Structures are given as structure tokens and as C-alpha cells.
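Trainee: Sequence first, then the predicted structure, then my questions.
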Amino acid sequence: MSGDSPAPPGHARRAIGPPRVSVVIPVKDDADHLRVCLAALAAQTVAPFEVIVVDNASVDDSAAVAAAGGASVVFEPHPGIAAAASTGYDAALGDIIARIDADSEPPAGWIERIVADLADPEVHAVTGPGTFPDLSGPAVHLARYLYMEAYFLLVGSALAHWPLFGSNFAMRASAWRAVRCAVRRDDPEVHDDMDLSVVLGRHHRIRLDRELTMPISARPFSGLASMWTRNRRAFHTLRVGGRDASPVRRWRARIRGRWPVALPSAD
């Protein structure tokens, strides 16, 4: 796609073959969850080409757990998921870069479904919802509709395309290289997935695949403080995005056909 920046060292072109999937996991003091996550990745029906754990100044044994689980460990001292995730994407050598969090537990067919979704050459990134196996009863439905569906619909309405969900998405490496200099990787208050959605969605098609589900912990619902922090960072992300994140400007450009891709359907 025109506008792609030159590939960093180590990203040499290769012969055409099955896509290689790099999985990036930012982590800070989350060794127990990480151990479960790595075991789930080891059980995939399509094995990852590499797993990169980005240690964001952990004081527990996250790095040791990552190494014992066969992952490559990259250290990022700058605080924040945005910095850690971006460092992981930069280090990835695969054709596809998948992103999960340490508390994600990918189902066995997760990578296989990502590869199938991105087999469509017009799709540059794919995302799916999280599920919360720790919850039960009415809380399950509240989490699904008032958290996950609300995120996709509200943020999608603001951006004029589907947003990425940080615990469960994948993008072509070429798409990352096209926008890597535009993301706000040094702002710890930025929602990294929303910020990436702002810059990636302008010229790359993002598919929402609601069958690409990801079990994650119920930490987003640990208390009002946690929910407040997430909402504050969401508004901060759109604010620092400035004109590029303006819903009015984005929808005007979409309606006038100035963006090269159409608002995708939820496949």
C-alpha cells in the first residue's frame, strides 16, 4: 500500500508462503496470568511464529516466566502499555502482528481464525470481543453489552470505523510500519488500542469478527476507580488525537469518499 514506511532492519522480504504470526504481549507484574496465557498459545492449532513478551519494568518474575514459556523477552522501561506494545510491534518479525494481554487466554483456534480473516487482501487488521469467564449471572450480560458492545459501537461511531480491542487483535506488519511513527507511544495516559485505531483506520480496513473471541479476566470491573480510569483515558486519547480524531471530520471525509476504504461490516 502506498505510504508504507521502509521496513526496519530484520524485516527483509521473503518467499510467499503461509503467513508468520508474531504475538506481542505487554506485561507488568502479571506473572501468574502470563503463565496461563503462554500455555494457551502453545496449544494453538496454528503455532505462532514467535511470541514476544514486553516487560514494562516488572518487579515480579514476569520476564523469567516468559523465558521459561519459550517467549522472546524485550524490555521497555518507559511506563505505559502504549510504549510497551509499540516496542513489541517494532521487534516483531512476522507477516502478521497479533496483540493480547497477559490476562488473555486465547482459544486453540485463535491464530488460525486470524490467518483466515486476514486472507482477505482488503482487510488490514482484525479484532474481536473479550469474554469474561470469571463472571456469572447477570454480570455476564452487563459485561457483554454495557462494556464490549458499547466500546465497539460508541468508539466505532466516533472514529467512523471499527476500533481495535487491545486484548484481542491482529494487523498486517506492513500496516504497523505505515503508522508506527504516528502513534503516541510515550503518553502513559493514552489508550494504546484506541490511539492505534485512530491512525490505522484512516487508510486501513479494520474488520470486526465477533466470533474471534478472547477470554480475559474481569479486572475491568474491579471497581469504580478502574472504570473511571479507563473512561478518562479514552477521552484523553481522543482529545490528544486532535483534528485527526474529530468524529465530525472523520465522518465528513467518509461520506465524501475521501478515505480509501469503506466502513466494514461485522463479519
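Mentor: Alright, I've got the coordinates.
Trainee: C-alpha from now on. contacts and neighbour counts both.
Mentor: OK.
Trainee: And the helices in this structure?
Mentor: 31-42, 62-68, 81-91, 110-117, 138-142, 150-159, 173-179, 192-200, 224-241, 247-255 (DSSP state H).
Trainee: what does the fifth one contact?
Mentor: For helix 138-142, the external contacting residues (C-alpha atoms under 8 Å, 6 or more residues apart in numbering) are residue 132.
Trainee: With distance to residue 25 and mean neighbour count as extra columns, can I get the helices of the chain in a markdown table?
Mentor: Output for the helices of the chain, formatted as a markdown table (distance: least, C-alpha to C-alpha, whole Å; neighbours: other C-alpha atoms under 10 Å):
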| stretch | distance to residue 25 | mean neighbour count |
| --- | --- | --- |
| helix 31-42 | 9 | 19 |
| helix 62-68 | 10 | 19 |
| helix 81-91 | 7 | 24 |
| helix 110-117 | 14 | 18 |
| helix 138-142 | 25 | 12 |
| helix 150-159 | 21 | 18 |
| helix 173-179 | 16 | 20 |
| helix 192-200 | 13 | 24 |
| helix 224-241 | 19 | 15 |
| helix 247-255 | 30 | 16 |
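Trainee: which one is residue 123 nearest to, not counting chain neighbours?
Mentor: Sequence neighbours aside, residue 205 is the residue nearest to residue 123 in space, at 5.2 Å (criterion: C-alpha to C-alpha, 6 or more residues apart in numbering).
Trainee: Adding mean pLDDT and distance to residue 166, write the helices of the chain out as a markdown table.
Mentor: Formatted as a markdown table, these follow (pLDDT from 0 to 100; distance: least, C-alpha to C-alpha, whole Å):
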| stretch | mean pLDDT | distance to residue 166 |
| --- | --- | --- |
| helix 31-42 | 98 | 15 |
| helix 62-68 | 97 | 20 |
| helix 81-91 | 97 | 10 |
| helix 110-117 | 98 | 15 |
| helix 138-142 | 89 | 20 |
| helix 150-159 | 92 | 11 |
| helix 173-179 | 97 | 14 |
| helix 192-200 | 94 | 5 |
| helix 224-241 | 70 | 13 |
| helix 247-255 | 81 | 21 |
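Trainee: closest to residue 209 out of those?
Mentor: Evaluated over the helices of the chain, closeness to residue 209 peaks at helix 110-117, with 8.1 Å, by C-alpha to C-alpha.
Trainee: what angle do the closest one and helix 31-42 make?
Mentor: 60 degrees (axes from the mean of the first three to the mean of the last three C-alpha atoms, to 10 degrees).
Trainee: What lies in contact with helix 110-117?
Mentor: Residues contacting helix 110-117 (C-alpha under 8 Å, 6+ apart): 19, 21, 44, 45, 46, 47, 48, 123, 126, 170, 212, 213.
Trainee: which residue is nearest the centroid of this structure?
Mentor: Taking C-alpha atoms, centre = their mean as the criterion, residue 166 is the residue nearest the geometric centre of the chain, at 3.6 Å.
Trainee: Now do the same contact list for the nearest residue to that one once chain neighbours are set aside.
Mentor: In space, and not counting its chain neighbours, residue 166 is closest to residue 193: 5.0 Å by C-alpha to C-alpha, 6+ apart. Neighbouring residues of residue 193 by C-alpha under 8 Å, 6+ apart: 163, 164, 165, 166.
Trainee: what's the answer for residue 77, then?
Mentor: Contacts of residue 77 by C-alpha under 8 Å, 6+ apart are 56, 57.
Trainee: gap between it and residue 34?
Mentor: Per C-alpha to C-alpha, to the nearest Å, residue 77 is found 19 Å from residue 34.
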